[in-house]
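*Asks:* Give me a 3D structure for the following:
(one chain, ligands or ions: 1)
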Amino acid sequence: MIRSYWLPNLLRKVSGYKMHGGPDPGLISDFVNTRDLARGTDVLAGPTQLHDWLAARGLLAPGARVTSVDVAEACRVREALRDVLAAKSGLDANAEAAAAEIDAAARRAGIEVRFDPTCPRVEPTARGVRGAVGRILVEVYDVMVDGSWDRMKACRADDCRWAFLDTSKNRSRCWCSMESCGNRAKVQAYRQRHVHR
Ligand SMILES: [Zn+2]
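*Replies:* Next up is the predicted model:
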């Protein structure tokens with residue numbers, strides 16, 4: 001009962017959003033940042049947490065079944081996205097392995113092309129968490145196509161790797177924030193200069 005009510009509403013929400021809002025890099029960075037490397041916390045630590053996070057964003061039907069396999073798969077995709085962002089931000093990460101992981105998740109999500117003349121798009125056909133993760137991957141695809149992917153980065157601090165959108169004019173931002181990682185790097189560079197003297 002819930003599902004039959006929920007699905008058309010979600011589709012309306014998603015397609016309306018697509019038409020008016022465009023791709024949303026924020027959803028991608030929010031997903032990557034559910035794990036905070038610096039603090040050692042993970043918002044998606046178990047099935048209940050993953051369910052609540054996805055349902056709160058309209059990506060999963062409230063009450064949908066979520067297993068520990070779903071959690072493992074979703075977290076692998078999250079870390080693969082972090083690796084892709086880290087690699088393009090100059091950090092040590094295996095971008096090829098990460099891209100293969102993301103491709104595999106896209107296959108699990110059954111992502112298909114819809115040749116709708118008024119609104120051509122790609123969309124997941126899988127249900128449950130695999131489909132929900134697929135919606136995040138569609139966002140990645142859209143962000144790559146529209147060019148805002150160039151502005152998506154991971155914080156250059158190796159122990160942080162926080163995902164963010166660089167909105168600076170010359171696209172030169174390297175840190176999640178100047179107050180934390182930016183200053184830390186400055187202090188480290190200062191110390192290193194003085195050690196080498
Ligand atoms: Zn940082």
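
*Asks:* and the protein, which residues reach the ion?
*Replies:* Contact residues, the chain versus the ion (CB under 5 Å from the ion): 155, 157, 160, 162, 176, 181. The way it works is simple: take the backbone N, C-alpha and C, and place the C-beta from them, glycine included.

*Asks:* ok, of the residues you listed, which come out buried?
*Replies:* Using 16 or more other CB atoms under 10 Å as the burial test, those include 155, 157, 160, 162, 176, 181 as buried.

*Asks:* Which pLDDT value does the model give the last one?
*Replies:* This means residue 181. The model reports residue 181 with a pLDDT of 93.

*Asks:* quick one, what contacts the residue nearest the centre of the chain?
*Replies:* For the chain, residue 28 is the residue whose C-alpha lies nearest the centre (CA atoms, centre = their mean; 2.8 Å). Contacts of residue 28 were listed using CB atoms under 8 Å, 6 or more residues apart in numbering, and they are 81, 136, 139, 140, 143, 152, 163.

*Asks:* Tell me the spacing between it and residue 169.
*Replies:* When CB to CB, to the nearest Å is applied, the distance between residue 28 and residue 169 equals 22 Å.

*Asks:* ok, which stretches of this structure are strands?
*Replies:* 35-36, 41-42, 112-114, 121-123, 152-154, 163-165 (DSSP state E).

*Asks:* tell me which strands and helices the fifth one is in contact with?
*Replies:* Under the contact definition 3 or more CB pairs under 8 Å, 6 or more residues apart in numbering; DSSP states H and E, strand 152-154 sits against helix 25-32, helix 68-88, strand 163-165.

*Asks:* which parts of the second one are buried?
*Replies:* The one in question is helix 68-88. 70-71, 73-87.

*Asks:* Equivalent analysis for the first one, please.
*Replies:* By neighbour count, and taking 16+ other CB under 10 Å as the criterion, the buried residues in helix 25-32 are 25, 27, 28, 29, 31, 32.

*Asks:* ok, so of those residues, who is nearest residue 51?
*Replies:* Of all the buried residues of helix 25-32, residue 31 has the smallest distance to residue 51: 14.5 Å, by CB to CB.

*Asks:* List the contacts of the closest one.
*Replies:* 78, 81, 136 are the contacts of residue 31 under CB under 8 Å, 6+ apart.

*Asks:* Please verify my assumption that the first one contacts residue 44.
*Replies:* Yes. With contact defined as CB atoms under 8 Å, residue 78 and residue 44 form a contacting pair (7.2 Å).

*Asks:* can you list residues touching both of these two?
*Replies:* 34, 35.

*Asks:* Look at residue 90 and say how many residues are nearby.
*Replies:* Number of residues near residue 90 (other CB atoms under 10 Å) recorded here: 11.

*Asks:* ok, now the one 3 residues further on?
*Replies:* Using other CB under 10 Å, residue 93 has 21 neighbouring residues.

*Asks:* What separation is there between it and the ion?
*Replies:* Computed as CB to the ion, to the nearest Å, the residue 93 to the ion distance reads 15 Å.
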